[in-house]
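Trainee: Have a look; sequence and predicted model below, questions after that.
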Amino acid sequence: MVVKVATESLIALQGVSKSYKQPNGQQIIILDNINLELIPGQIVALLGPSGSGKSTLMRIIAGLVPPTEGQVFYRNRPLKGLNPGVAIVFQNFALYPWLTVLENVELGLKAKGEPPEQRRQKALHIIDIIGLDGFENAYPKELSGGMRQRVGFARALAVEPELLCMDEPFSALDVLTAENLRFELLDLWLDRRIPTQSILIVTHGIEEAVILADRIVVIGRNPGRIRADISVTLPHYRERKSPQFQELVDRVYQILTKPSLEETISVPTSQPSTPEPPPKYQSLPPVRIGAIAGFLELLEERQGDLYRLAQELLLEVDEMLPIVEGAKLMNLVALKEGDITLTDIGKQFIAGEIDDRKQIIRTQILNNIRIVQQIHRLLLAKRNQRIPEELILDILEAHFSTEEAKRQLNTAIEWGRYAEIYGYDEPSGEIFLENIQSETVTASTS
C-alpha cells in the first residue's frame, strides 16, 4: 500500500528504521521510526551526538543504504535504488588524485551519460560559480583543503541535484577556511546561483546549524530517533551575538544535554510523532574520568550558560557533550534550561584529595552505572574474583553493535579502574576484583 504524502515534499521518510544483524543473531537498531519531510526552499541541519545515525539517515535519503523498515518517497513516489535527485558532498573531499579539477567535476555528468562537450561546459560553469576559475587543470595535491572541498561542492552541484546532501563538509578544514566556505555557500544559496532546491547538512556544530539552517532536526541516539524539529525564523545573515541567536543555541544545547526532553516545533510531519521510549540499555559516553575532573575544576568558577562555557573553552558539541553526560551520570553536575551547575557531590569532588575523589566516583558509579554494577556482581559471584572480558562483551553486544560494545566496555573498565572497584589484565583479557576485603560495604547497591 502506498501512503499518501504531502504534494510539496521533495523527500519524505515514513516509519524508517535501520538495523544490522550481529554475528550472534541480535538485531542492533541504528535508526528507529524516522518520519521526516524535506521541502524545496529549505536548508535542513541534522544535528546530534556521535553515533546517533545522522550519516546513515543521509545515506538512506540518497538511496545508498536501504531502510530495514519503512519507506522513502522521492517526489511522492517510493524510492527504489539510488535517488536521482540527490548529490553528496563528503567531509574527506573524496577526489581522485590522478584527475584534474575539471575531470573530477565532470565525473557525475559522465556517469549520467552527458556528451563530452556538454558536460565540459557545465563543469566549467559551476567551477566558475564556486570560485575555482583558473584551476581547471590543477590536480588535488596542488590545492589547499578549502579549494579541494570547493571541488567537492562543484562536482555535486554540476549534476544539478534537487537535494544537495553534505556530510560534515567543513569538519576537515581549519576554523577560518570553514567559516569562509559556510558563508560562500550561503551566498550562492540566497542569490539562487546554484540549481539545488534544498540542502541537507549533517553537522555536530550547534552554531553551524543555527547559522545556516531553516530547520534543525535533532537526532537522539541508542537508537537514533528524531527528538526535535525546530523551525529557525531568524533572517540571514545571522548575528552570533544577538539575543535571538543565543537563545536558539541555548535551546538546542538544552535538548542535546537532556535526553528525556523532546520537542516537535513548527514543522508538521506526515505522521504523528511517537513518544520516545526509554533506552533499552544505559549507554556510557566515551570519556575518561580525568577529563571529567578537569572539566569540573574549570566549571567551579564558570557555572552558568553551557553554550557560553563551550565558547570560552573552544569546545565543539561532540567534545563537550560526552564530558557533560558523564558528569551528569555520576550526579556531579545539574542541568536546567541550558545552564550547568555543580551539585553538592560535584563540589565535594572538587574539594577532595585524590582518595576522596576516587571514593566519590566509586559510590556514584556503583549506584548509577548499570554495566559497572553487573561487572561488580559477576566478580563477587566468582570464587577467584576474575571474569573474561568476552563475558561482558556478550552482554553488551545484545544491545550495541560490536564496535560500540567494545567502546562501552573500554569506558566501563576505565571508570572502574579509576575508582579501584576492579582491575584489568590486558594480556589475559580478564577483569579482576580490587580490594576484596572492602566489597561487603558496597555489595548492597542496586
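Mentor: Received the coordinates, thanks. All values derive from a computational prediction rather than experimental measurement.

Trainee: What's the local residue count around residue 287?
Mentor: Using other C-beta atoms under 10 Å, residue 287 has 21 neighbouring residues. No exception for glycine: its C-beta is placed from N, CA and C like everyone else's.

Trainee: ok, for residue 390, nearest residue in space, not its chain neighbours?
Mentor: Nearest non-adjacent residue to residue 390, counting by C-beta to C-beta, 6 or more residues apart in numbering: residue 429, 7.1 Å away.

Trainee: list the contacts for the one you found?
Mentor: The neighbourhood of residue 429, defined by C-beta atoms under 8 Å, 6 or more residues apart in numbering, consists of 388-390.

Trainee: Which among these count as buried?
Mentor: residue 389 (16 or more other C-beta atoms under 10 Å).

Trainee: As CSV, the contacts of residue 429 with pLDDT, secondary structure and distance to residue 238 would be great.
Mentor: Compiled in CSV, those are given as follows (pLDDT from 0 to 100; DSSP: H, G, I helix; E, B strand; the rest coil; distance: C-beta to C-beta, whole Å):
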residue, pLDDT, secondary structure, distance to residue 238
388, 91, strand, 54
389, 90, helix, 49
390, 90, helix, 51
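
Trainee: The closest residue to residue 386 other than its chain neighbours: what secondary structure?
Mentor: Leaving out its chain neighbours, the residue that sits closest to residue 386 by C-beta to C-beta, 6+ apart is residue 432, at 4.5 Å. Here residue 432 is recorded as strand under DSSP: H, G, I helix; E, B strand; the rest coil.

Trainee: show me what contacts residue 432?
Mentor: Residues near residue 432 by C-beta under 8 Å, 6+ apart: 379, 385-387, 422-425.

Trainee: Out of those residues, who's the most crowded?
Mentor: Going by other C-beta under 10 Å, residue 422 tops those with 23 neighbours.

Trainee: That residue contacts residue 377, doesn't it?
Mentor: No - assessed by C-beta atoms under 8 Å, residue 422 is found out of contact with residue 377, at 11.2 Å.

Trainee: Among the contacts of residue 429, find me the one that's closest to residue 148.
Mentor: residue 389 (41.6 Å; C-beta to C-beta).

Trainee: could you measure the nearest residue to that closest one once chain neighbours are set aside against residue 288, distance?
Mentor: Among residues not flanking residue 389 along the chain, residue 429 sits closest, at 4.7 Å (C-beta to C-beta, 6+ apart). Note on residue 429: its distance to residue 288, by C-beta to C-beta, to the nearest Å, is 21 Å.

Trainee: again with residue 33
Mentor: 34 Å.

Trainee: And residue 217, by the same measure?
Mentor: Using C-beta to C-beta, one gets 31 Å for the distance from residue 217 to residue 288.

Trainee: Equivalent analysis for residue 382, please.
Mentor: For residue 382, the distance to residue 288 - C-beta to C-beta - is 27 Å.

Trainee: And the two? Which one has more around it.
Mentor: More crowded of residue 382 and residue 288, by other C-beta under 10 Å: residue 288, with 16 against 12.

Trainee: Contact partners for that one?
Mentor: Per C-beta under 8 Å, 6+ apart, neighbours of residue 288: 414, 418.

Trainee: Repeat the analysis, applying 7 Å as the threshold.
Mentor: Contacts for residue 288 were tallied using C-beta atoms under 7 Å, 6 or more residues apart in numbering; they are residue 414.

Trainee: same thing with residue 100?
Mentor: 136-139.

Trainee: Now restrict these to buried residues only.
Mentor: Neighbour-count burial (16+ other C-beta under 10 Å) is assigned, among those, to 136, 139.

Trainee: As CSV, the contacts of residue 100 with secondary structure would be great.
Mentor: Putting the contacts of residue 100 into CSV (three-state DSSP) gives the following:
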residue, secondary structure
136, coil
137, coil
138, coil
139, coil
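
Trainee: now the contacts of residue 100 as a markdown table including pLDDT and distance to residue 211?
Mentor: Listed next are the contacts of residue 100 as a markdown table, based on pLDDT from 0 to 100; distance: C-beta to C-beta, whole Å:
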| residue | pLDDT | distance to residue 211 |
| --- | --- | --- |
| 136 | 86 | 31 |
| 137 | 88 | 34 |
| 138 | 89 | 30 |
| 139 | 89 | 32 |
